[in-house]
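Peer 1: predicted model and sequence below, questions to follow.
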Amino acid sequence: MSQAVLEVRGVTKSYGDVQVLRGIDLAVREHEAIALIGASGSGKSTLLRCIDLLDDIDDGDVFLDGEVITDPACEPVQVRRRLGMVFQAFNLFPHMTILENVALAPERAHGVDRTEARERGRELLARFGLAGREDEYPDRLSGGQQQRVALVRALATRPRALLLDEITSALDPELVGEVLSLVRDLKAEGMTMLIATHEMGFAREVANEVCFLHDGQIIERGDPERMFTAPEREETQRFLRRLLDARRL
Amino acid sequence: MTTVPVDRRAARELARRRKARRGTLIAVVSSVVVLGGLAAIVLTSSGWPAVKSTFFSWSAFKTSFPDILKAFWIDVKLFIAVEAVVLVLGLVIALVRTTRAPAAFPLRLLSTLWVDILRGVPTILVVYLIGFGIPALQLSGLPTDPVVLGGIALAMSYSAYVAEVYRAGIDSVHPSQRAAALAVGLTQTQTMRRVVLPQAVRRVLAPLLNDFISLQKDVALVSVLGPLEAFRVAQINAAENFNYTPLIAAALLYLAVTVPLARILDRMQARSRSITSGTMPL
């Protein structure tokens, strides 16, 4: 099998006395989407933040295209430029227009000429149904539109892989669909993705593999169909049943 | 079942207008009674003629005002120059205090000391110390002009306040903004310059302007060093004629600058409220 785009080996992380990650092993191959599921506080967000080097890990290693990126000698800025990340709360820059949000990184982090960065930003926004909103400020947009802009912003730097951190959790239910359909398109285009999500139907449909995180460990993983229809671990069953009770499945 | 359409709009509108009219009437009547009453008490009191000739003498005002106005230019120029220095110096101090780079440790220590000391010492003491102390060294190359020295002292004192205002603004930008900026591949410096600072400065415009207003009147402290600025000229005039009207004239000049600034501040605060409530783009 080909080399993984992202590989996580034995990663541990604690905040003070709380151990958030207790030895995570994970690989995302080219064009694959891996879904991370699990209760809030199970460590999904922390894992994504650690991969994007926004948080330091305690032990283990993360590899990007076979190259270790968690080495203390590694320049985090260079690594982050090769990855894209989208956050639960969008985190758009409120003082910039939509187009400025999207064109900022290509121009400042990748040295793309200003006019070209803007032109490309315009094209990307149009492709994801945001034409005509370029000069508006983020707070004029609906949550779904803001999250789509955040996705475009992450894509604008042509990342090797996308890290999606519960990107629909802050949205009103009727806005979830427009964001997920965009991710579906990206998957069809072959984008490599690691997706932390609470949308089980979506994970089942899009993911090549589903990993269930519990207490900082991936305690069960496998084919989405099997994970959702015949989970083996009792914790997984209990988690899915709770979601079912909350009518999220 | 049929509903009977009832047009209550006209009646409501009428009631609303009646209430508004009544409100205006009450405000007018109570203002006339309260303010008019106060004026009557003051103007009919036995001491009023003395107060009037001491503080509000038209002839004393006429003779002193041109000199005070001319001297006030020193205040205005000094205010603008010091404010420009303070805005830059305060920002530099705030940035030094918020960096975590180990190499900046001595600078961070110095800027913390700077802020602690200069914020804790009366401004007039700093003006004295710099204004009389520096010339006393009799070193060549140092400024001796009292206006310049006074300006330096004010800039030192106010840079400490303004640095704290900037720092509060920087701290108020949510860490998720920083994370997002780093995640798209910006460096720490770019993150500060492009994402954190623009938001921080917008948020502290009102408190910055507040310090502007304080500085504009504290410029008068430079008078202790002797330059003939508005307050000092007014003081001299007052002492010569045993009449305090010149001081009132100087007060009016300071007010002519601070009151418009205060109104701008009010408007900016109203604006920033509408920004945070999400009805207006930043």
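Peer 2: Thanks, I have the structure now. Only a predicted model underlies this, so the values are computations on that prediction, with no experimental measurement involved. Residues are numbered from 1 along each chain as shown, chains lettered A, B, ... in the order given.
Peer 1: make it CA atoms for all contacts and neighbour counts henceforth
Peer 2: Fine.
Peer 1: what's the pLDDT at the residue in chain A that chain B sits nearest to?
Peer 2: Of all residues in chain A, residue A:81 sits closest to chain B, at 4.4 Å by Cα to the nearest Cα. Looking at residue A:81, its pLDDT is 96.
Peer 1: which non-adjacent residue is nearest whichever residue of the stretch 101-250 of chain B sits closest to chain A?
Peer 2: Closest to chain A within the stretch 101-250 of chain B is residue B:185: 4.4 Å, counting by Cα to the nearest Cα. Excluding the flanking residues, the one nearest residue B:185 by Cα to Cα, 6 or more residues apart in numbering or on different chains is residue A:81, at 4.4 Å.
Peer 1: count the neighbours of that neighbour for me.
Peer 2: Counted by other Cα atoms under 10 Å in any protein chain shown, the residues lying close to residue A:81 total 24.
Peer 1: show me the contacts for it.
Peer 2: A:109, A:110, A:157, A:159, B:183, B:184, B:185, B:186 (Cα atoms under 8 Å, 6 or more residues apart in numbering or on different chains).
Peer 1: about what we covered before: tell me how far the residue of the stretch 101-250 of chain B closest to chain A lies from residue A:166.
Peer 2: Distance of residue B:185 to residue A:166, computed by Cα to Cα, to the nearest Å: 21 Å.
Peer 1: which one of the two has more residues nearby?
Peer 2: Taking other Cα under 10 Å, residue B:185 and residue A:166 do not tie; residue B:185 has more neighbours (28 against 20).
Peer 1: that one touches residue A:107, doesn't it?
Peer 2: No: between residue B:185 and residue A:107 there is no contact under Cα atoms under 8 Å: 10.6 Å.
Peer 1: residues of whichever strand or helix holds residue A:109 that come out buried?
Peer 2: Assigned by DSSP states H and E, residue A:109 falls within helix A:98-110. Neighbour-count burial for helix A:98-110 flags A:98, A:99, A:100, A:101, A:102, A:103, A:104, A:105, A:106, A:107, A:108, A:109 (criterion: 16 or more other Cα atoms under 10 Å in any protein chain shown).
Peer 1: give me the subset of those touching chain B.
Peer 2: By Cα under 8 Å from any Cα of the partner chain, the members of these lying near chain B are A:105, A:108, A:109.
Peer 1: what number of residues lie near residue A:120?
Peer 2: 17.
Peer 1: secondary structure element for it?
Peer 2: Using DSSP H and E, residue A:120 sits within helix A:114-127.
Peer 1: tell me the helix or strand right after that helix.
Peer 2: helix A:143-155.
Peer 1: now the chain, which segments are flagged as low pLDDT?
Peer 2: Defaulting to chain A. Residues of chain A that meet the criterion pLDDT under 70 lie in A:1-2, A:247-249.
Peer 1: my bad, chain B
Peer 2: Across chain B, the ranges flagged by pLDDT under 70 are B:1-5, B:272-282.
Peer 1: neighbours of residue B:27, how many?
Peer 2: Neighbour count of residue B:27, defined by other Cα under 10 Å: 10.
Peer 1: identify each buried residue in the helix or strand harbouring it, please.
Peer 2: Assigned by DSSP H and E, residue B:27 belongs to helix B:9-44. Residues of helix B:9-44 classed as buried by neighbour count (16+ other Cα under 10 Å): none.
Peer 1: same deal with stretch A:79-99?
Peer 2: A:79-99.
Peer 1: what's the answer for stretch B:235-243, then?
Peer 2: Residues of stretch B:235-243 classed as buried by neighbour count (16+ other Cα under 10 Å): B:235, B:236, B:237, B:238, B:243.
Peer 1: check contacts around the nearest residue to residue A:105 once chain neighbours are set aside.
Peer 2: Distances taken as Cα to Cα, 6+ apart place residue B:184 nearest to residue A:105, at 5.8 Å, with adjacent residues excluded. By Cα under 8 Å, 6+ apart, the contact set of residue B:184 is A:80, A:81, A:83, A:84, A:85, A:105, A:109, A:153, A:154, A:157.
Peer 1: farthest pair in the residues you listed?
Peer 2: Within the contacts of residue B:184, A:85 and A:109 form the most distant pair, 14.8 Å apart (Cα to Cα).
Peer 1: find the residue at the geometric middle of chain B.
Peer 2: Against the mean C-alpha coordinate of chain B, by Cα atoms, centre = their mean, the closest residue is residue B:213 at 1.8 Å.
Peer 1: next: chain A.
Peer 2: Nearest to the mean C-alpha position of chain A, by Cα atoms, centre = their mean, lies residue A:164 at 1.4 Å.
Peer 1: that one is in contact with residue A:196, isn't it?
Peer 2: Yes: between residue A:164 and residue A:196 there is a contact under Cα under 8 Å: 6.0 Å.
Peer 1: enumerate the residues of chain B near chain A.
Peer 2: With Cα under 8 Å from any Cα as the criterion, chain B meets chain A at residues B:176-177, B:179-180, B:182-187, B:190, B:195, B:198-199, B:278, B:281-282.
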